[in-house]
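S.K.: coords please:
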Amino acid sequence: MKEKFYQYIQNLQDTITSKIEEIDGVSKFREDLWERPEGGGGRTRVIENGDVFEKGGVNISGVHGALPKAMQAYFKVGEVDFFACGLSLVLHPKNPMVPTVHANWRYFEMYDGDGNIVDSWFGGGQDLTPYYLFDEDAKHFHQVCKSSCDKHSADFYPLYKKKCDEYFYNAHRGEGRGVGGLFFDYCKATDDRSMEEWYDFVTEIGNSFLEAYIPIVEQRKDLAYTEMQKDWQEIRRGRYVEFNLVHDKGTLFGLKTNGRIESILMSLPPNVQWRYDHQPEPDSEEARLLEIFKKPVDWV
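M.R.: Prediction:
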């Protein structure tokens, strides 16, 4: 399974980066191949200062070795070996009318002293963070998520949408990071579903990413915006940074397992503002966005 899924994310990285370059039209991805001293490595691709994308990364990695002490405590296990691979992406558009997007699809194995698999699971998801909310964009993104989920179980979309709303929540701010999407983790083999079937589900979601996001980019990338609206985008990006550094489990895992720091922090936007006690004008589009972020919406 690990070879099969790693091959899948290699191909998916190629597909997504090619499409992003095509849409940007100016900037190309810089590729870095890296190795982790303890075992494994990855392929980081970053795009910067483009016509459409101010910064973005589409990274894959496959790492293995002894599970570090900090992660043993997190998983409540003793000394075990592990393998983890995944694709993680974040795209920060230049135009504040285009939402930021994040996605991740991953696979994990744990082994006993004899090298036998004692646990394995899939995880992942995708979520949208607008700065100016066009309701039809959120509806489109969620409809693609739901349609992909429904091919595998009618229970998946409502369950993983709820988990996404709960996970991507800045508790210290009392607001969601964006309008959500899907979040799933610890998808393991059961009597009802094999690992092959989980593979089919996770790759279905991965394959749907471009369909969920690209039409929104194409619709909004050429809209006019003001300097004030660009300021608002950078203020909201600050909340994005806060979530990734305070709450995000993927960031924590990367730091605790001696991951490549440039790849882990690739998700951070290039220009951010933190203004003291900034409040949007009452009844403005900015105020409406904050109000919607306070409570999850059923977009589909």
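S.K.: secondary structure class for F82?
M.R.: strand (DSSP: H, G, I helix; E, B strand; the rest coil).
S.K.: Check the spacing between it and F184 real quick.
M.R.: According to C-beta to C-beta, to the nearest Å, F82 stands 20 Å off from F184. Backbone N, C-alpha and C define where each C-beta goes, glycine included.
S.K.: just the helices in the stretch 151-300 of the chain please.
M.R.: Under the criterion DSSP state H, counting those that start in this stretch, the stretch 151-300 of the chain contains helices at 156-167, 195-220, 227-246, 249-256, 261-264, 285-293.
S.K.: comparing these, which gets the lowest mean pLDDT score?
M.R.: Mean pLDDT is lowest for helix 249-256 among the helices of the stretch 151-300 of the chain, at a mean of 83.
S.K.: Now that one: buried residues?
M.R.: By 16 or more other C-beta atoms under 10 Å, the buried positions in helix 249-256 come out as G250, T251, L252, F253, G254.
S.K.: tell me the contacts of the last one?
M.R.: Taking C-beta atoms under 8 Å, 6 or more residues apart in numbering, we find G254 in contact with R260, S263, I264.
S.K.: Isn't the second one up against R43?
M.R.: No. Because the distance of 9.3 Å does not satisfy C-beta atoms under 8 Å, S263 is recorded as not touching R43.
S.K.: what do these two both touch?
M.R.: With C-beta under 8 Å, 6+ apart as the test, S263 and R43 both reach D32, W34, N59, S61.
S.K.: Would you mind listing the residues in contact with the first one?
M.R.: Right, the one you point to is D32. Taking C-beta under 8 Å, 6+ apart, one finds R43, T44, R45, V46, E262, S263 in contact with D32.
S.K.: Out of those, flag the one nearest to G174.
M.R.: Nearest to G174, judged by C-beta to C-beta, of the contacts of D32 is S263 at 30.9 Å.
S.K.: ok now do that closest one, which residues does it touch?
M.R.: Counted by C-beta under 8 Å, 6+ apart, S263 has contacts D32, W34, G42, T44, G57, N59, S61, G254.
S.K.: sec struct for the fourth one, please.
M.R.: By that I understand T44. Going by three-state DSSP: T44 is strand.
S.K.: Is V118 in contact with D112, as I believe?
M.R.: Yes. V118 is in contact with D112 according to C-beta under 8 Å; the separation is 5.0 Å.
S.K.: got any residues that touch both of these two?
M.R.: V80.
S.K.: How about T100, nearest residue that isn't a chain neighbour?
M.R.: The shortest distance from T100 to any non-neighbouring residue, by C-beta to C-beta, 6 or more residues apart in numbering, is to T129 (4.3 Å).
S.K.: let me redo that: I235
M.R.: Using C-beta to C-beta, 6+ apart, the nearest residue to I235 is Q273, at 4.9 Å.
S.K.: Kindly tell me how buried F243 is, as a neighbour count.
M.R.: Using other C-beta atoms under 10 Å, F243 has 24 neighbouring residues.
S.K.: For the remainder of this discussion, apply numbering that starts at 849.
M.R.: Fine by me, first position is 849 from now on; the one you just mentioned is F1091.
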